[in-house]
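Visitor: whatever this is, show me its structure:
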Amino acid sequence: MDNLFILLLLASLVLFAIGLFKPETSLFWDKKERTRKKSSLIYGSLIILFFILFGVSSDTKKTISPNDTVKKESSNESGVPEITKAQKDSIEKIEREKRIEEIKKNTITASDLTAAYEENEVNADNNFKGKIFYVRGRISDIKKDILDNIYVTLEGSEMFRQVQCFFDDKETAAKLHKGMKVTFKGRCEGLMMNVLMKDCVLVDNPQ
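Guide: Numbering: from 1, shown residues only. Next up, the predicted model:
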């Protein structure tokens, strides 16, 4: 479109110049009046018109630039750049590593937990009772109490002193078996024959 306006503009300039000397030539299409005044008026107006049209066309082209098209293609409807699969995988990896690190920092083995209560129950309550943390150990039993509550016992430091983890997920409990190493997240309720952990959630996948 820009090229067309340039050609029309140049043609008008040429005919305008010709009309100053030979209006009968520039106004070859007019069979009636062929004067310098009429030629100048017509082709002068066309020069102004085509110049304006060329300017408008150029401004529109600048406004819609290739960069704008790229930006639109790389953004979703809300205007936020879309995240690539590689970026998503990277974010998930970082979050997974943070989660693993958080578990490691707040995990105690069932043996160490029962040993702490064997050594000093008062001090162990100060350190653990009422707090939420992770406990890791090997499953010795999967049972229900007299109120039909599911619990899993983890081997402790002594034969008759274990960690008793209560949780509500029947489907997960059905997949567990003795000897499996697991990690539970729960709230410690202190010592009552065994060290009790309530509101537990299994954070290891059953294997």
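
Visitor: walk me through the domains of the chain.
Guide: Domain ranges of the chain: 2-73, 107-202, per automatic domain parsing.

Visitor: and the ones you listed, which one averages the lowest pLDDT?
Guide: Among the domains of the chain, domain 2-73 has the lowest mean pLDDT, at a mean of 67.

Visitor: one step back: so which of the domains of the chain is the most packed in?
Guide: Of all these, domain 107-202 carries the top mean neighbour count, a mean of 17, counting by mean count of other C-beta atoms under 10 Å. Yep, even glycine has a C-beta here, placed from its N, CA and C like the rest.

Visitor: the residue of the chain most remote from its centre in helix, strand or coil?
Guide: Distance to the chain centre peaks in the chain at Lys32, reaching 74.2 Å (criterion: C-alpha atoms, centre = their mean). Recorded secondary structure, Lys32: coil (DSSP: H, G, I helix; E, B strand; the rest coil).

Visitor: and Asp168, by the same measure?
Guide: Classification of Asp168 using three-state DSSP returns coil.

Visitor: not counting sequence-adjacent ones, nearest residue to it?
Guide: Among residues not flanking Asp168 along the chain, Ile150 sits closest, at 6.7 Å (C-beta to C-beta, 6 or more residues apart in numbering).

Visitor: for that neighbour, give the beta-bridge partners.
Guide: Lys144 (DSSP bridges).

Visitor: what sits against it?
Guide: Ile142, Lys143, Lys144, Phe166, Phe167, Asp168, Asp169, Lys170, Ala173 (C-beta atoms under 8 Å, 6 or more residues apart in numbering).

Visitor: look up phi and psi at the first one.
Guide: What that stands for is Ile142. phi -130, psi 110 (degrees, to the nearest 10).

Visitor: ok, it touching Gln164?
Guide: No: between Ile142 and Gln164 there is no contact under C-beta atoms under 8 Å: 11.3 Å.

Visitor: give me the distance between Thr172 and Ile48.
Guide: Using C-beta to C-beta, to the nearest Å, one gets 82 Å for the distance from Thr172 to Ile48.

Visitor: now the helices: where do they sit in this structure?
Guide: 2-21, 23-26, 36-63, 66-73, 85-105, 110-119, 121-128, 170-175 (DSSP state H).
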